[in-house]
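Trainee: model this:
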Amino acid sequence: MKKILLPVLALLFVATGAQAQAAKTADITNPETPVIWLGLDFTEARLIGDLAADENAIKNQHIPDINQLVVNEAKKYDLAKSFKHTNISSDLGFTYAQNKKIDASKIKSTNNDDFTRFKPETVDKIVAGYDFGDKKGLGVMFIVEALNKTKAEAAIWVTYIDLGSKKVLQTVRKEGKAGGFGWRNFWARPVENILDDVRKGK
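Mentor: Prediction:
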């Protein structure tokens, strides 16, 4: 009997440990849950109404610059204060790798409908395309749907992910006003505004 029980108990222990590492929806509002900031995903983003923009510069320079800006200017983009978690770390490697795969020829758009073309299923598909390796726990990512130069607005999905299973625990579409000098600063402003909305519980 003992020979049977020991393997069963071992399996239960392993299963319980795996469950303990899996992030849950309740962890989003638990300030003690560690969170990993994954940065901004632009893999399916569209820039509307800015035909003069250099799409290769956007892909290879501006997108990495915006991601790095959020981390470097920690006081301005206060992730811990916005997400209300005491333990927030950053790992931009995953979004960097995915953003490098962007087809630069598809970045620019003349179709205003591209500003609202995402569905929650679109976010699920984008997240499913990631390889988080052996990362576990709760991650948060901003998935950029569109940047509308004419309206000076960005549409971004605030997305919480269980990294172990790549399951989207929660995603909410937000719009933020753009502004500032230079491409990077202009489109970093919506990130700041959306973080402020998240902090206020909007």
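Trainee: mind listing what residue 69 touches?
Mentor: Residues in contact with residue 69 (CB atoms under 8 Å, 6 or more residues apart in numbering) are 77, 184, 188. All C-beta atoms are positioned from the backbone trio N, CA, C, and that covers glycine.
Trainee: how many neighbours does the second one have?
Mentor: Applying other CB atoms under 10 Å, we find 18 residues neighbouring residue 184.
Trainee: list the contacts for it?
Mentor: Neighbour list for residue 184: 62, 65, 66, 69 [criterion: CB under 8 Å, 6+ apart].
Trainee: With adjacent residues omitted, what lies nearest to it?
Mentor: The shortest distance from residue 184 to any non-neighbouring residue, by CB to CB, 6 or more residues apart in numbering, is to residue 65 (4.7 Å).
Trainee: How about the secondary structure of that neighbour?
Mentor: Following DSSP: H, G, I helix; E, B strand; the rest coil, we place residue 65 in the helix state.
Trainee: what about the residue most central in space within the chain, which helix or strand?
Mentor: The residue lying closest to the centre of the chain (CA atoms, centre = their mean) is residue 141, at 1.5 Å. Residue 141 belongs to strand 138-148 when assigned by DSSP states H and E.
Trainee: Need phi/psi at the closest residue to residue 135 other than its chain neighbours.
Mentor: Among residues not flanking residue 135 along the chain, residue 163 sits closest, at 4.4 Å (CB to CB, 6+ apart). Backbone torsions of residue 163, given as degrees, to the nearest 10, read phi -70, psi -30.
Trainee: Also residue 61?
Mentor: Per degrees, to the nearest 10, the backbone of residue 61 is at phi -120, psi -60.
Trainee: how many neighbours does it have?
Mentor: Other residues near residue 61 come to 13 when the count uses other CB under 10 Å.
Trainee: Just the pLDDT for it.
Mentor: pLDDT, residue 61: 98.
Trainee: need the contact list for it.
Mentor: Residue 61 neighbours (CB under 8 Å, 6+ apart): none.
Trainee: same thing with residue 124?
Mentor: Counted by CB under 8 Å, 6+ apart, residue 124 has contacts residue 168.
Trainee: Report the spatially closest residue to the residue nearest to the centre of the chain, excluding sequence-adjacent ones.
Mentor: residue 38 is the one closest to residue 141 (CB to CB, 6+ apart), at 4.1 Å.
Trainee: partner strands of the helix or strand harbouring the one you found, parallel or antiparallel?
Mentor: Assigned by DSSP H and E, residue 38 falls within strand 35-41. Strand 35-41 has the following strand partners under DSSP bridges: strand 88-90 (parallel), strand 138-148 (parallel).
Trainee: rewinding a little: could you point out which element follows the strand holding residue 141?
Mentor: Next along from strand 138-148, by DSSP H and E: strand 153-162.
Trainee: which regions of the chain lie under the pLDDT threshold?
Mentor: Within the chain, the segments meeting pLDDT under 70 span 1-21.
Trainee: please redo it, this time with the cut-off set to 90
Mentor: 1-23, 201-202 (pLDDT under 90).
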